[in-house]
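In: Build me a model from this:
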Amino acid sequence: MDIQEQENSMSNKDTKNNIKVLAANSHPELAKLICKKLSLPLSNVQAIQFVNNESTVVVHESLRDEDVYIIQTGCGGFEKLNDYLMELLLMIHACTQASARSITAVIPNFPYARQDRKDKSRVPISAKLIANLLTTAGCNHVITMDLHASQIQGFFSIPVDNLYAEPNVLKWIKDNYHDTNDVMMVSPDAGGAKRVASLADKLDTQFALIHKERAKANEVSRMVLVGDVKNKSCILVDDMADTCGTLCKASDILLAEGAKEVIAIVTHGIFSGNAIDRLNSSSLKKIICTNSMPLSKHVQECSILEILDISSILAEAIRRLHNGESISYLFNNVVL
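Out: I've put the predicted structure just below:
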């Protein structure tokens, strides 16, 4: 073997072996799907919680001079979400101590994303705090999906790639509604109007808006429909479904205004509290949700819940980032 062949051999070896995918306890199913798409093994990691509720992380393989991708989504109840966030921070710090070349946090559902501004006096901008914690822990890059507020990217001093479920959503709508003239895209609130307008433009269909007023957090007091939905198949689109009160009330209003059927499509299915019971007793025909959150249990409990797999998008983002390719291709194209 001459010198050139040796260099090529070393280069191929490095390309194959200098990437590690780690996952903690928030969503192991998604991590396995991503690794399957990348044809890579999931690294051997233990994230343990002691009796006194302290967490620790142990990585059982070398990370020296490796590009590390840590998959951890923001999910669970209040305590679990904070435990998972702490696991992520500890895992990032463990990787820095293990001399990893770079550390990328893959966070499909960014925690505390709804606390992105001071909407009243003496409240924290929690999303900014999370950005500071990730950076201080040693994170070099963040990959997330459908941020609740795009300006959260500006809270970081490191690169942030905000991916979109929109291409997969468009594909699902086109596969299930061949005649989009009968389809009406609907935003359940003013904040999602831009997202729904973009989908409506690409489908060449109309869109409507529901204006909602809240008496307090997670509780809608009044909703007003703007637009004509009579004899239309309405598709409610939102970035997240938490207690599902908004989606269920919106569905009732649309049907009362003459809609033929109502389907909801959301990126992040948080489904906290009695959300599943609300969905089961709602007027929604179906709710489509990505697997950015662990939903296996909810699928068994809710017959109208359907999962849209986004592991291919995340896997392709990791592959492109690792190989120094453009991520923007993923904004408008479906990855199979």
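In: what's the distance between I276 and H298?
Out: 6 Å (CB to CB, to the nearest Å). Quick note: C-beta positions are derived from backbone N, CA and C, even for glycine.
In: what's the answer for S281, then?
Out: Taken as CB to CB, the span from S281 to H298 is 15 Å.
In: Settle it for me: which of the two has more neighbours?
Out: The residue with more neighbours, out of S281 and H298, is H298; 18 against 10, by other CB atoms under 10 Å.
In: Wasn't the more buried one part of a strand?
Out: No - the assignment for H298, made by DSSP: H, G, I helix; E, B strand; the rest coil, is helix rather than a strand.
In: for it, what are its contacts?
Out: Residues in contact with H298, defined by CB atoms under 8 Å, 6 or more residues apart in numbering, are G269, F271, I276, L305.
In: go with 10 Å
Out: G269, F271, A275, I276, L279, I287, C289, L305, I307 (CB atoms under 10 Å, 6 or more residues apart in numbering).
In: With E261 as the reference, measure out to it.
Out: 22 Å.
In: ok, now which ones touch the nearest residue to G192 once chain neighbours are set aside?
Out: Sequence neighbours aside, D238 is the residue nearest to G192 in space, at 5.5 Å (criterion: CB to CB, 6 or more residues apart in numbering). By CB under 10 Å, 6+ apart, the residues touching D238 are 146, 186-189, 191-192, 195-196, 246-247, 250, 264-268.
In: hang on, the earlier thing: name only those of the contacts of H298 that count as buried.
Out: The neighbour count (16 or more other CB atoms under 10 Å) marks G269, F271, A275, I276, L279, I287, C289, L305 as buried among the contacts of H298.
In: Including distance to S328 and secondary structure, could those go into a markdown table?
Out: As requested, those are exported to a markdown table (distance: CB to CB, whole Å; DSSP: H, G, I helix; E, B strand; the rest coil):
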| residue | distance to S328 | secondary structure |
| --- | --- | --- |
| G269 | 26 | strand |
| F271 | 31 | coil |
| A275 | 34 | helix |
| I276 | 36 | helix |
| L279 | 35 | helix |
| I287 | 29 | strand |
| C289 | 25 | strand |
| L305 | 31 | strand |
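In: Would you format those residues as a markdown table with pLDDT included?
Out: Below are the buried ones among the contacts of H298 laid out as a markdown table (pLDDT from 0 to 100):
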| residue | pLDDT |
| --- | --- |
| G269 | 95 |
| F271 | 94 |
| A275 | 94 |
| I276 | 95 |
| L279 | 96 |
| I287 | 97 |
| C289 | 97 |
| L305 | 97 |
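In: Identify the residues contacting the nearest residue to A98 once chain neighbours are set aside.
Out: Among residues not flanking A98 along the chain, L63 sits closest, at 4.1 Å (CB to CB, 6+ apart). Going by CB under 10 Å, 6+ apart, L63 touches K20, L22, S43, A94, C95, T96, Q97, A98, S99, A100, R101, I103.
In: closest to T136 among those residues?
Out: For the contacts of L63, the minimum distance to T136 (CB to CB) is 10.5 Å, reached by T96.
In: The host helix or strand of that closest one - contacts with which helices or strands?
Out: Taking DSSP states H and E as the definition, T96 sits inside helix 78-97. For helix 78-97, the packing partners by 3 or more CB pairs under 10 Å, 6 or more residues apart in numbering; DSSP states H and E come out as strand 19-23, strand 45-49, strand 55-59, strand 67-71, strand 102-107, helix 126-137.
In: So, low pLDDT: which residues of the stretch 101-250 of the chain?
Out: Counting by pLDDT under 70, the ranges of the stretch 101-250 of the chain that qualify are 213-221.
In: Stretch 145-163: end-to-end distance?
Out: Counting by CA to CA, to the nearest Å, you get 4 Å between the two ends of stretch 145-163.
In: For it, buried residues please.
Out: M145, D146, L147, H148, A149, I152, F155, F156, V160, D161, N162, L163.
In: And stretch 191-204, by the same measure?
Out: So stretch 191-204, judged by 16+ other CB under 10 Å, has buried residues G192, A193, R195, V196, S198, L199, A200, K202, L203.
In: now those as CSV including secondary structure and distance to C234?
Out: CSV is the format used below for those (DSSP: H, G, I helix; E, B strand; the rest coil; distance: CB to CB, whole Å):
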residue, secondary structure, distance to C234
G192, helix, 14
A193, helix, 15
R195, helix, 15
V196, helix, 11
S198, helix, 17
L199, helix, 13
A200, helix, 12
K202, helix, 17
L203, helix, 13
